[in-house]
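**Q** Just a sequence and a predicted model for now, questions to come.
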Amino acid sequence: MKILVINCGSSSLKYQLMDMSDESVLCKGAIERIGMKINGGEENVIVKVNGEKHTYDKELPTHTDAFNEVKYILSEGEYKVISSFNEIDAIGHRVVQGGDKYTQSTLIDDEVVKTLEELSPLAPLHNPANLQGYKACLEVVGPDVPQVAVFDTAFHSTMPAKAYMYAVPYEYYEKYGVRRYGFHGTSHKFVSHRVADKIGKSINDLKIITCHLGNGSSIAAVNHGKVVDTSMGFTPLDGFMMGTRSGGVDPSVVTFIMKKLGLDPDAMDKVLNKESGVNAISGISSDDRDICAAQAQGNERAILAHEMQAYEIAKYIGSYIAAMNGVDAIVFTGGIGENGVWLRSKVCSYLGYMGVHINEAVNEKTQKGAEAELTNPTDKVRVFILATDEELTIARDTAEIVKTL
């Protein structure tokens, strides 16, 4: 069975073709700047096949044009990996927001599309783009190829009401769906199952805290295979400070700044999502590599940004240890989780009360894409670095659904 995974943004389309017989990646890449003019040298089409990366430029006015280019790349062009697009058994789509309606992956039909359009106000930057990807695929391949929606929110749907409700008028939940949803679900699902495999126990016998750390970051408490709490909330803005996102702040700060600067909701939303976080505190960048370089040179604001970030992550971990009445494993994943040597060390330094003492030599040499245990297998709390694979999670869910058709 061959599954094509699609992750569609407002002006981008990421793709990955997988052979599920051995879960190998046949080809992957991205198309960027969809609907934009391409100037000379702006290589917006990326193809990775047989360990090699190829790029070229091509103006693609619509997502349908972009998907037609993916079809060409996979089955017709010089980098083709299949003889015909008919070899693809199904297409799996990343969909950010499934609301209360979708607690697991689902086959997409007209009713699902209608519901996802209704849920778009909960994820206005993501769901419409995700649906664009589905509609583009439908236009190119027709209705005979099954398409599946895999939701960022689904893995978190096991949270109890005491964790997902906000202390605002209850009618806001009833009328508008105001509650904690959580995101990065495919990543948290993958690494929580992966760490259970590494430990050699069923996920149903473990208490796990998964830390997905990147430009966008979230932490989840997975108690015996079920999420009981997670840091992102109604939107991906909640939680702790990220690259350009503020994370949780006193709500009165929001109204105070709006009044002080005369900002409307859209402008304030931009401040919190695009102009805050590590970028704002450091005054340098939202890229952790730049923060690490500045920190090494003694830049005080870069040091402060990192110290704040580590402190907030450690507080979330501590609160989730309390929520689960213990923890067996802590996982670092994502771009910063896998690369952030200093951050991992600093976060773990707050966990000495749990008996966490990591091997700093292993921590320093482990980089993105590698797997490592930072503690000893005999330790009460074990700490791991694991590479996430959200595309594989999407492909697995898609394959399971297609098998039942």
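**A** Okay, I see it.
**Q** which stretches of the chain form strands?
**A** Using DSSP state E, the strands of the chain run over 2-8, 13-19, 24-31, 45-49, 52-56, 90-95, 106-107, 147-151, 207-212, 218-223, 226-230, 329-333, 372-373, 382-385.
**Q** Check which residues of the fourth one are buried.
**A** Pointing back at strand 45-49 there. By neighbour count with 16 or more other Cβ atoms under 10 Å, strand 45-49 contains the buried residues Val45, Ile46, Val47, Lys48, Val49. For glycine as for every other residue, the C-beta is placed from the backbone atoms N, C-alpha and C.
**Q** and that strand, what does it pack onto?
**A** On a contact count with 3 or more Cβ pairs under 8 Å, 6 or more residues apart in numbering; DSSP states H and E, strand 45-49 meets strand 24-31, strand 52-56, helix 63-75.
**Q** among those, which is the most enclosed?
**A** helix 63-75 (a mean of 21; mean count of other Cβ atoms under 10 Å).
**Q** Among the helices and strands packed on strand 45-49, which comes closest to Arg344?
**A** strand 24-31 (27.0 Å; Cβ to Cβ).
**Q** which residues are contacting that closest one?
**A** 2, 12-19, 44-49, 60, 66, 69-70, 73-74, 79, 81-82, 391 (Cβ atoms under 8 Å, 6 or more residues apart in numbering).
**Q** For Gly247, give me its contacts.
**A** Per Cβ under 8 Å, 6+ apart, neighbours of Gly247: Leu237, Asp238, Gly239, Phe240, Met241, Gly277, Glu312.
**Q** Out of these, who's the most crowded?
**A** Gly277 (26 neighbours; other Cβ atoms under 10 Å).
**Q** What pLDDT does the model give that residue?
**A** pLDDT recorded at Gly277 is 97.
**Q** for Arg245, same thing?
**A** You'll see Arg245 listed with a pLDDT of 95.
**Q** Report the buried residues of stretch 214-234.
**A** Buried residues in stretch 214-234 (16+ other Cβ under 10 Å): 214-223, 225-234.
**Q** Dump that stretch to PDB, keeping only the CA atoms.
**A** Coordinates of each C-alpha in stretch 214-234 appear next as PDB, following Å, rounded to 0.1, in the frame of the first residue of the first chain:
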ATOM      1  CA  GLY A 214      10.200  24.100  18.100                       C
ATOM      2  CA  ASN A 215       9.200  27.500  16.800                       C
ATOM      3  CA  GLY A 216       5.800  26.400  18.000                       C
ATOM      4  CA  SER A 217       6.000  24.200  21.200                       C
ATOM      5  CA  SER A 218       3.700  22.200  23.400                       C
ATOM      6  CA  ILE A 219       3.800  19.600  26.200                       C
ATOM      7  CA  ALA A 220       1.400  16.800  26.900                       C
ATOM      8  CA  ALA A 221       0.800  14.500  29.800                       C
ATOM      9  CA  VAL A 222       0.000  11.000  28.600                       C
ATOM     10  CA  ASN A 223      -1.300   8.800  31.400                       C
ATOM     11  CA  HIS A 224      -1.600   5.200  30.500                       C
ATOM     12  CA  GLY A 225      -2.000   6.000  26.800                       C
ATOM     13  CA  LYS A 226      -4.500   8.800  27.200                       C
ATOM     14  CA  VAL A 227      -3.700  12.600  27.200                       C
ATOM     15  CA  VAL A 228      -4.900  14.100  30.500                       C
ATOM     16  CA  ASP A 229      -3.600  17.600  29.800                       C
ATOM     17  CA  THR A 230      -1.600  19.700  27.300                       C
ATOM     18  CA  SER A 231      -0.200  23.100  27.200                       C
ATOM     19  CA  MET A 232      -1.700  24.600  24.000                       C
ATOM     20  CA  GLY A 233      -5.300  25.600  24.500                       C
ATOM     21  CA  PHE A 234      -8.100  27.100  22.400                       C
END
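**Q** First-to-last residue distance for stretch 176-191?
**A** Taking Cα to Cα, to the nearest Å as the measure, stretch 176-191 stretches 32 Å from start to finish.
**Q** Could you give the average pLDDT over it?
**A** Average pLDDT, stretch 176-191: 96.
**Q** What residues sit buried inside that stretch?
**A** By neighbour count on 16+ other Cβ under 10 Å, the buried set for stretch 176-191 is 177-191.
**Q** can you tell me which of these are in helices?
**A** Counting by DSSP state H, the part of these found in helices is Gly185, Thr186, Ser187, His188, Lys189, Phe190, Val191.
**Q** Just list the residues touching the second one, thanks.
**A** Residues in contact with Thr186, defined by Cβ under 8 Å, 6+ apart, are Arg94, Val150, Asp152, Phe155, Glu390, Thr393, Ile394.
**Q** So which residues of the stretch 251-400 of the chain form helices?
**A** Assigned by DSSP state H, counting those that start in this stretch, the stretch 251-400 of the chain shows helices spanning 251-261, 265-274, 277-282, 288-296, 300-324, 334-339, 341-349, 360-365, 390-403.
**Q** who's in contact with stretch 235-246?
**A** 122-123, 180, 183, 214-219, 231-233, 247-248, 272-281, 286-288, 305, 308-309, 312-313, 315-316.
**Q** Quick check: end-to-end length of that stretch?
**A** 12 Å.
**Q** same deal with stretch 32-39?
**A** First-to-last distance for stretch 32-39 - Cα to Cα - comes to 13 Å.
**Q** With stretch 228-248 instead?
**A** Rule used - Cα to Cα; the end-to-end distance of stretch 228-248 is 19 Å.
**Q** for the buried residues of stretch 176-191, which one is nearest Met324?
**A** His188 (14.4 Å).
**Q** thought that closest one was touching Ser217?
**A** No: assessed by Cβ atoms under 8 Å, His188 is found out of contact with Ser217, at 11.6 Å.
**Q** still on that earlier bit, can I get the strands of the chain in TSV including distance to Lys365 and mean pLDDT?
**A** Listed next are those as TSV, based on distance: least, Cβ to Cβ, whole Å; pLDDT from 0 to 100:
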stretch	distance to Lys365	mean pLDDT
strand 2-8	31	96
strand 13-19	28	97
strand 24-31	26	97
strand 45-49	26	97
strand 52-56	25	96
strand 90-95	32	96
strand 106-107	42	97
strand 147-151	34	97
strand 207-212	20	98
strand 218-223	25	98
strand 226-230	30	98
strand 329-333	15	98
strand 372-373	8	98
strand 382-385	11	98
